[in-house]
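>>> turn this into a model:
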Amino acid sequence: MRHRSGQSKLIGSRCSILVLVGLALLGAAFTAEAAPAWNVAYRRIDVQDPVTGELFPAALWYPTRGAAAPLFLTGSLSTCRLPAMLCRLVAFEMQVAGNAAPAEGKFGLIVISHGAGGLALNHRDLAVALASHGYVVAAPAHPRGKDNDISGLGVWIGRPKQVSRVIDAVVEDADLGPHIQRERIGVVGHSNGGYTALAVAGARPSPAATSAHCREHPDDSRFCSQGGAATREAIRKAADIPDVRDPRVRAIVLMVPNAAPFTDQALAQVAVPVRVYGAELDDLTLVRYHAERLAKVLPPQAEYVLVKRAGHFSFVTSFPGVLKLLAGEAAKDAAGFDRDAMHEVMNAEIAGFFDRKLP
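Below is the predicted model:
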């Protein structure tokens, strides 16, 4: 399989497919795009949930001329106050300029939506890569409220509206707002974050579609058991979900997305460019029913990438020290799979996708 300018060769009649088959191919796909053009700044903002009214934090990364230094953050986006040697074991480390002024210029905006039960920092390496490439990046810590972050109105309606509210907050921000190119806004979503991205891109969700999926595909047992009785009850009680499309979102990237809440007709309404990543060994959102289905049902311009030997959580940034033990399954990959190497390639590909689709 050949690569030109870091992009996958297009094959298939409905989508472009790239199969990552090993470290040799990973290295071949890596391009000079990865060389950072900007230093990266970081700060936190608090945003009001439009559904519940509660505040939730969002992490921001953006281009800066400020000098980077190690910053250690907890999962709640608080600063680790322990000695650096200990923080490296129990906190997430980034090389960033904390609270620095943004660089001069205009930048696109990318919102990253984590999966169920995840953290705003789950995709911090992608955020840093995009910011160094010339994007402002916002990652909300989606509030769970009384729901389980898997189902219920707080997820089906709340998550997309939270993404829209984060966009509002960034474009209205006194420091960053003047730098945002409002016609260059994209969303990246992992797992239930993929659901979120599809919803803001125009696919109208339906809890009944999830019920139908689980009736028709009993082999997708792990997905269909997520949330247990609470999820089944939420689906039973749910009325129609309103349209939560945000027309400001012009392109989306989906990583092992939850596609079950959408009918084929709903997915056909997505009119923005889409890049989908599936994982060969994903046993939570089985590739044939989720990522691969999207590649077949979404408009023909959709790009589909199947990552060999990747699992559902291989798209989450590697965990440090003690957190790797606490993360359990989320920190584990198949034998011989190099998560960091895959991310190095994927992050450059995603930056290139947004460059192409948000010109």
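>>> grab the most central residue of this protein for me.
Nearest to the geometric centre of the chain sits G189, at 2.8 Å (CA atoms, centre = their mean).
>>> report the separation between that one and D355.
When distance is defined by CB to CB, to the nearest Å, G189 is 19 Å away from D355. The way it works is simple: take the backbone N, C-alpha and C, and place the C-beta from them, glycine included.
>>> with Q265 instead?
The separation that Q265 has from D355, given CB to CB, amounts to 31 Å.
>>> more neighbours: those two, which one.
The residue with more neighbours, out of Q265 and D355, is D355; 15 against 12, by other CB atoms under 10 Å.
>>> based on its surroundings, how many neighbours for the residue nearest to the more buried one when sequence neighbours are not counted?
With sequence-adjacent residues excluded and distances taken as CB to CB, 6 or more residues apart in numbering, D355 is closest to H133, at 7.8 Å. By other CB under 10 Å, the residues close to H133 number 26.
>>> please report how far H133 lies from L358.
Taking CB to CB, one finds H133 at 12 Å from L358.
>>> also A141?
25 Å.
>>> so the residue nearest to D355 touches I350, yeah?
No - at 9.3 Å, H133 does not count as touching I350 under the criterion of CB atoms under 8 Å.
>>> which neighbours do these two share?
Counting by CB atoms under 8 Å, 6 or more residues apart in numbering, H133 and I350 have no shared contacts at all.
>>> before we move on, back to that, S113 is in contact with the residue nearest to the centre of the chain, correct?
Yes - with contact defined as CB under 8 Å, G189 reaches S113; the gap is 4.2 Å.
>>> overlap in contacts of the two?
T196, A197.
>>> which helix or which strand is home to V137?
strand 135-140 (DSSP states H and E).
>>> right, and the helix or strand after that strand?
Using DSSP H and E, the first helix or strand after strand 135-140 is helix 153-156.
>>> now do that following helix: distance to the chain's middle.
The chain centroid and the centroid of helix 153-156 are separated by 17 Å, computed with CA atoms, centre = their mean, to the nearest Å.
>>> quick one: list the elements packing against the strand holding V137.
Where contact means 3 or more CB pairs under 8 Å, 6 or more residues apart in numbering; DSSP states H and E, strand 135-140 is packed against strand 55-64, strand 107-113, helix 124-132, helix 158-172.
>>> can you mark which positions in stretch 99-117 are buried?
Neighbour-count burial for stretch 99-117, counted by 16 or more other CB atoms under 10 Å, picks out 100, 102-103, 107-116.
>>> now do stretch 179-191
For stretch 179-191, burial by neighbour count (16+ other CB under 10 Å) applies to H179, I180, R184, I185, G186, V187, V188, G189, H190, S191.
>>> that one - what's its average pLDDT?
Average pLDDT, stretch 179-191: 98.
>>> quick one: it to chain centroid distance?
11 Å.
>>> for the longest helix along the chain, name the packing helices and strands.
Using DSSP state H, we find that the single longest helix of the chain is helix 339-357. Under the contact criterion of 3+ CB pairs under 8 Å, 6+ apart, helix 339-357 touches strand 7-8, helix 23-29, helix 124-132, strand 180-190, strand 251-255, strand 274-279, strand 303-307.
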